[in-house]
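J.: just the structure for this:
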Amino acid sequence: MITIKSEKEIEIMREGGKMLAGIMEELRKKVQPGITTKELDRVAETLIFKSGAEPAFKGYENFPATLCTSLNQVVVHGVPSNYKLKSGDILSLDLGIKYKGFFSDMAITIAVGKIDSETNKLIKVTERSLREGIKAIRPGNHIGDISFAIQKYVESRGFKVVRELCGHGIGRELHEDPQILNYGKKHTGPEIKEGMVFCLEPMVTMGDCRPDGRASPLAGQIKKSPDGFGWETKDGSLSAHFEHTIAVTKTGYQILTELK
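T.: Presented below is the predicted three-dimensional model:
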């Protein structure tokens, strides 16, 4: 069942979302060659408690950390470690908090030092696809309209969406109905209504063609990481991930996990 949030509940989520966005901005500034992902996790946890919130991920389905740090071919749910970031890496940070009984969730992908133009394009396309999905949010539209917008933009740029993972509703629970796929058809799925709150999170992979020019049979496919928590590309290609928490308004949407 998709829950409808009251104005008061959305205001709490707005406060929490802005708090989360501020924490993520502080983490973004610390991403540079030489820092370990475990250090980033410690910073995230310190900032969350200092803000008066609680980590949403630590202990959730036994996840051992506060921050998901997904490197290069890891799509989501990477576990922080003693790995030191190096120039050329790309790092996805996924963070959630619980504030006054409500959850907020967001993710960004960051270049570490210098990256090549195609990798930069992957990050930009993934971030833009999130915006394209958000633009489809308004009362009277359907969840499939969001999914279609994301898929259309990503595939028009030559990349692949991950189909096994998806966005979700959010509120008093971290994951609520509905599931929001990153591919789909217009005018399908539940109708979008004022008061719904979603997390859109396109996950996009680089792998599309082999050196001989033929499409890779593994493009867009994922497998479990050796640590048992992460998901990574089967073909070892790079991936990117962006996420926002968004509330449905009378006329459209409001992004809750932005500083502005």
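
J.: make it CA atoms for all contacts and neighbour counts henceforth
T.: Will do.

J.: using PDB, write out every CA atom in stretch 150-170.
T.: Taking Å, rounded to 0.1, in the frame of the first residue of the first chain, the C-alpha atoms of stretch 150-170 are listed here in PDB:
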ATOM      1  CA  ILE A 150      14.700   7.500 -16.900                       C
ATOM      2  CA  GLN A 151      15.200   4.600 -19.400                       C
ATOM      3  CA  LYS A 152      14.600   6.800 -22.500                       C
ATOM      4  CA  TYR A 153      17.200   9.300 -21.500                       C
ATOM      5  CA  VAL A 154      19.900   6.800 -20.400                       C
ATOM      6  CA  GLU A 155      19.500   4.600 -23.500                       C
ATOM      7  CA  SER A 156      19.500   7.500 -25.900                       C
ATOM      8  CA  ARG A 157      23.000   8.300 -24.600                       C
ATOM      9  CA  GLY A 158      24.300   4.800 -25.100                       C
ATOM     10  CA  PHE A 159      24.300   3.500 -21.600                       C
ATOM     11  CA  LYS A 160      22.300   0.800 -19.700                       C
ATOM     12  CA  VAL A 161      20.000   1.000 -16.700                       C
ATOM     13  CA  VAL A 162      20.200  -1.700 -14.100                       C
ATOM     14  CA  ARG A 163      16.900  -3.600 -14.100                       C
ATOM     15  CA  GLU A 164      17.300  -5.800 -11.000                       C
ATOM     16  CA  LEU A 165      17.300  -2.800  -8.600                       C
ATOM     17  CA  CYS A 166      14.900   0.000  -8.200                       C
ATOM     18  CA  GLY A 167      13.700   3.100  -6.400                       C
ATOM     19  CA  HIS A 168      11.000   3.100  -3.700                       C
ATOM     20  CA  GLY A 169       8.600   4.900  -1.500                       C
ATOM     21  CA  ILE A 170       9.900   6.200   1.800                       C
END
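
J.: got the contact list for it?
T.: Contact partners of stretch 150-170, identified using Cα atoms under 8 Å, 6 or more residues apart in numbering, comprise 2, 103-104, 122, 125-126, 129-130, 132-133, 175-184, 196-208, 219-222, 245.

J.: stretch 29-39 now?
T.: Residues lying outside stretch 29-39 but in contact with it, judged by Cα under 8 Å, 6+ apart, are 40, 69, 80-87, 110, 112-113.

J.: that one: end-to-end distance?
T.: Across stretch 29-39, the straight-line distance between its terminal residues is 13 Å, by Cα to Cα, to the nearest Å.

J.: sounds good, over and out.
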